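Okay, sequence plus prediction incoming.
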There are 2 protein chains.
Amino acid sequence: MDFFEQLGPAALGSRLRRLSEQVTGQAADVYRLYGLAFEPRWFPVFYAVAAEPGLHVGEIAERIGQTHAAVSQVLKELVKQALVQVQRGEADQRRSIVTLTEKGAAIWPVLQQQTQDVRQATEQLLTETRHNLWLALEETEYALSRQSLAKRVKAIRNQRIRAAVDILDFQPEYQPDFKQLNVEWIETYFRVEEADLKALDHPQEYILARGGHILLARYQGRIVGTCALIPMDATTYELAKMAVSPLVQGLGIGRLLGDAAIAKARALGASRLYLESNTRLTPALNLYHQLGFRKTVAAPPSPYERCNIQMELPLLA
Amino acid sequence: MDFFEQLGPAALGSRLRRLSEQVTGQAADVYRLYGLAFEPRWFPVFYAVAAEPGLHVGEIAERIGQTHAAVSQVLKELVKQALVQVQRGEADQRRSIVTLTEKGAAIWPVLQQQTQDVRQATEQLLTETRHNLWLALEETEYALSRQSLAKRVKAIRNQRIRAAVDILDFQPEYQPDFKQLNVEWIETYFRVEEADLKALDHPQEYILARGGHILLARYQGRIVGTCALIPMDATTYELAKMAVSPLVQGLGIGRLLGDAAIAKARALGASRLYLESNTRLTPALNLYHQLGFRKTVAAPPSPYERCNIQMELPLLA
DNA sequence: TGTATATTTGTAAGTACTTACGTAAATTAC
DNA sequence: GTAATTTACGTAAGTACTTACAAATATACA
């Protein structure tokens, strides 16, 4: 029990299961109290059939919120107990139409009375508590249907990770990371070209010395992402060398780098950002679109073979 | 879903189970998110071992609130995954001492981080709801541990049944019921004696004509209980012929008859009630004690062989 | 009117636990 | 010091469902 306290709500699933077992276990005692040879798990199916005789398996399943397989299995037992009978559907031969037998009809009033009593007892139990379990279940189910636990966890994780990411300016010791991260993604999709190697091996000469800038994302002491701003003309920079390690992709680190690059370009007085990419790189294009980039109509020729799309972002003062 | 609305909290068990399944199902997605080949049901065991290496199976079971069998099964899988290792206990050869392997130790930080994230997500989820599920579970478990559902249902059922019981004065047409109910219980424990038959066959002559009274309990149109007041002297009545049908025993009908008989004796101006019984009839003696009867010190001789205890109740004005 | 597709159901196997039971080791009783 | 009891744990089978699959029938459409 201590364990649950420690873990808190992370153990929610187990805890729900335990209470469920406790409750259904006690339900068996209740049936014994009323002298019924009746198992708790039969109850929903039997109840549905008694309330609406002539339902078929699928309809019962829908009404009680279980699968047809579960209904089918319970029916098999109920038939063996001679509490219900099953006939083929007249119009539709696939259907199994279920009705109560005489024996079933005989125990129905007892069961109804018992249901009443259980309902009263449960309602009384729930009013004893400050937090109403029934309503809490309803609300929690709804909240989970709106956004799954996995999605919620993912959001929190991404937030945590992003908060732990630094954006750094280039330093010579980062050149190997800068190269490795870029080569890694290029090789995954394309071939590394001559123009790539020049810039990646000698960023100082080919990017910084020409008035460009390189930004790096650091997470847990490791460089996990890069991007560069390369001057094209007096008021335009190219956003290039955008790479994020596959180990941390999907966490929003690209977005952080993009935001930082745009801020940097603004600080440098640029009025426009430009970039080249490939339509195969869907996640990247999504990111660029999110950042505000739109497809360029008249595009200058690119030195890279792999580029088949150009985008730009006007930086309004 | 409609069905649940209709049945209300009677379907609590099923509902709990469903949410539990939903939550644990989504937990699997969460592990996938963190790139862990890890099943949700391993979690409690692994967590316990990581937090306290060197625990043995029984201790783990106790910490996580499951059975040793469950722990044993999960451990088998964890060993197959090379996440933990099991050794015989040194001092106690029966024990299986569990520790993390290198691989297990390697994923532990990831799992810890993940637990943190899940906890945050769950806490956030719970704050979205007006009724807190976690607290509701706690309170409900506590309430159920204080008094089981079966006991609660029984209390409500007894209350309902008692409210539907009438206490009637004797009428000649009730003589067969009067006799049958008394013979039934006498034969269960003893033999029917000559003195019994006289009074049961001719209550008018042997009880009513001598200034006695007979009370009957009617439930659902049937006579289900009897008792009689038989004058002993000017101020004392004997409480006798107390019988309740086995079909409705334990519902408090005896208590209703007893209360009615005492009220009647008071109305008749009696100052004392007296009765004879047998120590084998524990439930009856309990009832008499509840009604206020205490063992008589000096007892007159009884015409019935089966009587080995006498009790009396002073009726203070 | 035949064929592809969908619906309805039953059966099998899986899930995440439990209870029941058997065996071996340790402890207690005498 | 041996016998009886208790403890520790593994295995098997059960529970109340699920998902996956298979077979039969019904419907849609060309």
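Looks like it came in fine. The shown structure was predicted, so the numbers you read here are calculated from the model rather than taken from an experiment. Residues are numbered from 1 along each chain as shown, chains lettered A, B, ... in the order given.

Per-residue confidence at A:Pro9, what does it come out as?
If you check A:Pro9, the pLDDT there is 54.

show me where chain A has helices.
A:2-7, A:12-33, A:43-51, A:57-64, A:68-80, A:102-128, A:133-146, A:149-163, A:175-189, A:194-201, A:203, A:253-267, A:282-291 (DSSP state H).

what's the fifth one packed up against?
It stands for helix A:68-80. Under the contact criterion of 3 or more Cβ pairs under 8 Å, 6 or more residues apart in numbering or on different chains; DSSP states H and E, helix A:68-80 touches helix A:43-51, helix A:57-64, strand A:84-88, strand A:96-100. The way it works is simple: take the backbone N, C-alpha and C, and place the C-beta from them, glycine included.

was I right about A:Ile186 contacting A:Asp196?
Yes. A:Ile186 is in contact with A:Asp196 according to Cβ atoms under 8 Å; the separation is 6.3 Å.

show me where pLDDT drops low in the stretch 51-200 of chain A?
The stretch 51-200 of chain A contains no residues with pLDDT under 70.

Ok, which of the helices and strands packed on helix A:68-80 comes nearest B:Arg266?
helix A:43-51 (47.0 Å; Cβ to Cβ).

domain ranges for chain A?
A:2-146, A:158-314 (automatic domain parsing).

Without its sequence neighbours, what residue ends up closest to the residue in the stretch 151-300 of chain A that chain B sits nearest to?
Evaluated by Cβ to the nearest Cβ, the stretch 151-300 of chain A has A:Arg152 as its residue closest to chain B, separated by 3.9 Å. Of all residues not flanking A:Arg152 in the chain, B:Ala121 sits nearest, at 3.9 Å (Cβ to Cβ, 6 or more residues apart in numbering or on different chains).

show me what contacts the one you found?
B:Ala121 is in contact with A:149, A:152-153, A:155-156, counting by Cβ atoms under 8 Å, 6 or more residues apart in numbering or on different chains.

Let me have the residues you listed in JSON lines, extended by neighbour count.
Converted to JSON lines, the contacts of B:Ala121 look like this (neighbours: other Cβ atoms under 10 Å in any protein chain shown):
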{"residue": "A:Leu149", "neighbour count": "23"}
{"residue": "A:Arg152", "neighbour count": "23"}
{"residue": "A:Val153", "neighbour count": "25"}
{"residue": "A:Ala155", "neighbour count": "16"}
{"residue": "A:Ile156", "neighbour count": "19"}
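
tell me which of those is nearest to B:Pro283?
Relative to B:Pro283, the closest of the contacts of B:Ala121 is A:Leu149; by Cβ to Cβ it sits at 52.5 Å.

how close does that closest one sit to A:Ile156?
11 Å (Cβ to Cβ, to the nearest Å).

Enumerate every residue touching the closest residue to A:Gln22 other than its chain neighbours.
Using Cβ to Cβ, 6+ apart and skipping residues adjacent in sequence, the residue nearest A:Gln22 is B:Leu144, 6.2 Å away. With contact taken as Cβ under 8 Å, 6+ apart, B:Leu144 is in contact with A:19, A:22-23, A:26, A:125.

filter the contacts of B:Ala121 down to the ones near DNA strand D?
Within the set of the contacts of B:Ala121, contact with DNA strand D (Cβ under 7 Å from any atom of the strand) is found for no member.

Columns distance to A:Lys241 on top of these, output as TSV?
Below are the contacts of B:Ala121 laid out as TSV (distance: Cβ to Cβ, whole Å):
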residue	distance to A:Lys241
A:Leu149	37
A:Arg152	34
A:Val153	32
A:Ala155	29
A:Ile156	30
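
among the helices and strands packed on helix A:68-80, which is the most enclosed?
helix A:43-51 (a mean of 23; mean count of other Cβ atoms under 10 Å in any protein chain shown).

Who are the contact partners of the spatially closest residue to A:Arg210 that is not a sequence neighbour?
Leaving aside its sequence neighbours, A:Arg210 sits nearest to A:Pro231 (Cβ to Cβ, 6+ apart; 6.4 Å). When contacts are counted by Cβ under 8 Å, 6+ apart, A:Pro231 touches A:210-212, A:237-238.

Mind doing that once more with 6 Å?
A:211-212, A:237 (Cβ atoms under 6 Å, 6 or more residues apart in numbering or on different chains).
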